[in-house]
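*Asks:* okay, sequence plus prediction incoming.
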Amino acid sequence: MSQETLSREVVVGNRQGLHARPADLLAREARKWQSRIELVGKSQRADGKSILELLTLAAEAGTRLVVEATGPDAQEAIEAIGGLFDRNFNEQMNGNDAPGETRR
Amino acid sequence: MKFSDFVAVDAIRSDIESDTKQGVIREMAEALVEAGKIAPGELEGIVKAIMKREDLGSTGIGRGVAVPHTKHPSVDRLVGTVAVSRKGIEFESLDGEPVQLFFLLVSPPDRPGDHLRALENISRQLRDDGFCKRLKASQTPAEIEHLLEEADHHGFVS
């Protein structure tokens, strides 16, 4: 039951940035874990379990963020959240599944 | 970005009649047509595109707020409007709350930055409980317009 904070740097890789759909996916993933999860940008931090807060980061493509997790399952949480960024939230790099557009 | 940069004041609605997701989206898109912000011939296409986006995942962002949106080639700048539903609409939000406050956005296809900054402005302002509650309690479009102006000028966030 370690309460130390683990952190990992991530980069917003999808062309559309951290818009509503990735923020929704992130918050859903974060809510699976007991740990407190925060996303830290240059000038602010956001609760990883709140879509509304994540959107305040306005993280465009290429933005570096730090994921911080504090709690008993911090390690697993960090890996799961980091994985979403690594996979660009399952959005294609050419951005053709941008808001309102067709996605296969 | 400020509310005044993208909210069409003539399209603000303080008492949405529909009680379905699609109905609300249609009422708001029609309001944008009436305000001259989107072409009448594009209405159906825009409503359909917004619903398609909702199928990918609800745009309910929590706290009784939703941001239905789409990109559409018929607009050359970001346009949006605000609506309040008295009763609240089931919107499959992550927190399960019915949605009372809607921000509908239509953006040109190649301006992802503007879209992100509009979402940022909306979410940052709505983090303030007082602002959120006062918007939901608004009785007239003018009252909503006034609250948005106040947020633009002074900010409700400390």
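*Replies:* Good, I have the coordinates.

*Asks:* what is the neighbour count of residue 62?
*Replies:* No chain was given, so I picked chain A. Applying other Cβ atoms under 10 Å in any protein chain shown, we find 10 residues neighbouring A:G62. Where C-beta positions appear, they are placed from N, C-alpha and C, glycine not excepted.

*Asks:* meant chain B actually
*Replies:* Residues contacting B:G62 under the criterion other Cβ under 10 Å number 22.

*Asks:* list the beta-bridge partners for it.
*Replies:* B:V65 (DSSP bridges).

*Asks:* how near is it to B:E97?
*Replies:* 7 Å (Cβ to Cβ, to the nearest Å).

*Asks:* swap in B:T70?
*Replies:* Distance from B:T70 to B:E97, by Cβ to Cβ: 23 Å.

*Asks:* just A:A77 next, same as before
*Replies:* 24 Å.

*Asks:* and those two? Which one has more around it.
*Replies:* Between A:A77 and B:E97, counted using other Cβ under 10 Å, the more crowded position is A:A77 (25 against 16).

*Asks:* can you tell me the closest non-neighbouring residue to that one?
*Replies:* A:W33 (3.8 Å; Cβ to Cβ, 6 or more residues apart in numbering or on different chains).

*Asks:* need the contact list for that neighbour.
*Replies:* Neighbour list for A:W33: A:A69, A:G71, A:D73, A:A74, A:E76, A:A77, A:A80 [criterion: Cβ atoms under 8 Å, 6 or more residues apart in numbering or on different chains].

*Asks:* residues from chain B in reach of chain A?
*Replies:* Residues of chain B found near chain A (Cβ under 8 Å from any Cβ of the partner chain) are B:49-50, B:52-53, B:56-59, B:61-63, B:65, B:67, B:69-72, B:94, B:107, B:109, B:112-113, B:115-117, B:119-120, B:122-124, B:126-127.

*Asks:* quick one: low-confidence parts of chain A?
*Replies:* A:1-2, A:92-104 (pLDDT under 70).

*Asks:* what are the ranges of the helices in it?
*Replies:* Along chain A, counting by DSSP state H, helices occupy A:20-30, A:51-55, A:74-86.

*Asks:* same for the second one, what does it pack against?
*Replies:* This means helix A:51-55. helix A:20-30, strand A:45-47, strand B:60-62, helix B:112-126 (3 or more Cβ pairs under 8 Å, 6 or more residues apart in numbering or on different chains; DSSP states H and E).

*Asks:* off-centre distance for it?
*Replies:* 10 Å (Cα atoms, centre = their mean, to the nearest Å).

*Asks:* list the contacts of it.
*Replies:* Contacts of helix A:51-55 (Cβ under 8 Å, 6+ apart): A:18-20, A:23-24, A:26-27, A:39, A:46-48, B:61-63, B:65, B:94, B:119-120, B:122-123, B:126-127.

*Asks:* ok so, going back, deepest-packed of the helices of chain A, please.
*Replies:* Mean neighbour count (mean count of other Cβ atoms under 10 Å in any protein chain shown) peaks for helix A:51-55 among the helices of chain A, with a mean of 27.

*Asks:* the closest residue to chain A within chain B: how many residues sit nearby?
*Replies:* Proximity of chain B to chain A (Cβ to the nearest Cβ) peaks at B:T70, 3.0 Å away. With neighbours defined by other Cβ under 10 Å, the count for B:T70 comes to 27.

*Asks:* can you tell me the SS state at it?
*Replies:* Under DSSP: H, G, I helix; E, B strand; the rest coil, B:T70 falls in the strand class.

*Asks:* is it in a bridge, and if so with what?
*Replies:* Where B:T70 sits in a bridge, its partners, by DSSP bridges, are B:V106.

*Asks:* hang on, it packs against B:V106?
*Replies:* Yes. Between B:T70 and B:V106 there is a contact under Cβ atoms under 8 Å: 6.0 Å.

*Asks:* what is in contact with those two at once?
*Replies:* With Cβ under 8 Å, 6+ apart as the test, B:T70 and B:V106 both reach B:I46.

*Asks:* any idea how far chain B is from the residue sitting nearest the centre point of chain A?
*Replies:* With distances taken as Cα atoms, centre = their mean, A:L26 lies nearest the centre of chain A, 4.7 Å away. Distance of A:L26 to chain B, given as Cβ to the nearest Cβ, to the nearest Å: 11 Å.
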